[in-house]
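>>> Here is my input, please return the structure:
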Amino acid sequence: MGAVRNNSAPSEMVAYMRLLWAGPLTGVAAAAINAVVYLVASGLGAIPEDFVVGGSRPVTLEALVFTSILSALVAAVLFTLFARFTRRPVRNFHAVVMIVLVLSFATPFALPGAPLAIAATLLLMHVMAAVVIISVLTVLSRTRWRRFSWTRLRAAVVSGAILGLQRR
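Numbers count the residues shown, from 1 in each chain. Now for the predicted structure:
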């Protein structure tokens, strides 16, 4: 199973070997969710093909997939560091991801001449990536995770546990 953090709170013990496959899986999941959002938004005309970012390149599916995977892998490295050096890695990771998410809200509005539909789509993609990164990475890397249950997932979403809103 790999090294396990022993001085963590029992509910936050992380299996490092699981992070080796949970990190890339999180990246693929975030890229897939954001690709669906991109394709739906493009189909609805929210992302015009002639809109360029930085004056040189349009918003493309390839760039979106690359940045989604890269951000998830960076998050996996960050979570590994939290697991190694903090007592409450999951709680700390949730807090940092939420802060980064709020800070990332500035980037869609910093695009010069961006229509509101593009800004809204990019904001939605940021939120979707954060939800996937928090939920998939922290659930799959814990040492004590039970079999998947739709009931537990629904209860966690309703209580805000997946988004890190529940106090522990």
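>>> low-confidence ranges in the chain?
The chain contains residues with pLDDT under 70 at 1-12, 54-55, 143-150, 152-168.
>>> how about the helices of it, start to end?
In the chain, helices defined by DSSP state H lie at 16-43, 61-85, 89-104, 106-110, 116-132, 138-140, 150-159, listed in chain order.
>>> quick one: which of the ones you listed is nearest residue 51?
Closest approach to residue 51 among the helices of the chain (Cβ to Cβ): helix 116-132, 6.3 Å. Bear in mind the C-beta positions are built from the backbone N, C-alpha and C, glycine included.
>>> re the thing from before, please convert the helices of the chain to a markdown table, extending it with distance to residue 51 and mean neighbour count.
Formatted as a markdown table, the helices of the chain follow (distance: least, Cβ to Cβ, whole Å; neighbours: other Cβ atoms under 10 Å):
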| stretch | distance to residue 51 | mean neighbour count |
| --- | --- | --- |
| helix 16-43 | 11 | 18 |
| helix 61-85 | 13 | 17 |
| helix 89-104 | 19 | 18 |
| helix 106-110 | 12 | 11 |
| helix 116-132 | 6 | 19 |
| helix 138-140 | 35 | 19 |
| helix 150-159 | 33 | 11 |
